[in-house]
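Engineer: I would like the atomic coordinates for the input below:
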Amino acid sequence: MSDVFSVLRADHREVEEMLAALAAGQDGAAPIRSEARKQLTDKLIIESSKHAAAEEQYFWPAVRDHLPNGNELADHAVGQEAEAKHVLARLDKLSPGDAEFEDLLSKYIPAAREHIRYEEDAVWPALSDVLTTAQAEDLGKNITEAKKIAPTRPHPHLPPHPGVLKTAGPAVATADKVRDAMSGRGEN
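Structural biologist: Reported below is the predicted structural model:
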């Protein structure tokens with residue numbers, strides 16, 4: 001079974017690969033076709049949305065519960081994620097040909113990288129020091145399961161509270177997945 005840090009690390013590496021490909025397209029190095037760029041952006045939005053929802057349900061509450069400065073650490077990260085949701089929600093409505101698309105990506109990419117570094121460098125070491133192996137594995141299992149039923153789109157107006165996400169999240173995720181199936185979003 002994977003512990004929380006292995007689960008989140010895998011998510012982070014996947015997102016970092018997508019960010020690198022999208023950034024390369026901005027720099028003109030091996031640019032990807034507009035259609036492929038949109039598909040990659042859709043995948044980034046889907047994976048980031050599921051990841052954030054799972055973290056908000058399980059990871060950040062664990063940080064708050066187990067660390068003396070947990071509220072401060074979690075508040076900072078949840079604030080970063082809230083900003084990202086607004087950007088991703090806007091990106092979800094745009095195409096690579098839209099002028100705002102590249103502007104939003106150019107802001108999102110460094111912010112996402114900063115958020116990943118914050119989690120891995122400021123939060124994980126402290127949390128790994130206080131969690132037992134069993135707690136870390138349970139948290140990893142909960143996050144993995146939560147991602148399976150998490151929304152595939154950002155919902156910046158849905159409060160990032162575990163109770164709200166555990167009750168409203170599955171209904172929102174179902175609606176997202178119906179929209180995805182009807183549009184073909186995320187199939188490639």
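Engineer: doesn't His115 make contact with Lys85?
Structural biologist: No: assessed by Cβ atoms under 8 Å, Lys85 is found out of contact with His115, at 11.7 Å. Any C-beta I mention is one placed from the backbone N, CA and C, and that applies to glycine too.
Engineer: Tell me the spacing between Leu40 and Glu47.
Structural biologist: 11 Å (Cβ to Cβ, to the nearest Å).
Engineer: Mutual contacts of those two, please.
Structural biologist: Counting by Cβ atoms under 8 Å, 6 or more residues apart in numbering, the shared contacts of Leu40 and Glu47 are Met18.
Engineer: What's the separation between Glu119 and His51?
Structural biologist: Counting by Cβ to Cβ - Glu119 and His51 are separated by 10 Å.
Engineer: whoops, I mixed them up, Glu35
Structural biologist: 25 Å.
Engineer: These two: which has the busier surroundings?
Structural biologist: Legend: neighbour count by other Cβ atoms under 10 Å for Glu35 and His51, higher for His51 (22 against 11).
Engineer: which SS state does the more buried one fall under?
Structural biologist: helix (DSSP: H, G, I helix; E, B strand; the rest coil).
Engineer: Can you pull up the most central residue in the chain?
Structural biologist: Ser48 (2.6 Å; Cα atoms, centre = their mean).
Engineer: who's in contact with that one?
Structural biologist: 15, 84, 88, 112, 154.
Engineer: let's see it at 10 Å
Structural biologist: 11, 14-15, 18-19, 81, 84-85, 87-88, 108, 112, 115, 152-154 (Cβ atoms under 10 Å, 6 or more residues apart in numbering).
Engineer: confidence score at Ala54?
Structural biologist: Ala54 is assigned 94 on the pLDDT scale.
Engineer: Give the buried residues for the helix or strand harbouring it.
Structural biologist: Ala54 belongs to helix 34-54 when elements are defined using DSSP states H and E. Neighbour-count burial for helix 34-54 flags 37-54 (criterion: 16 or more other Cβ atoms under 10 Å).
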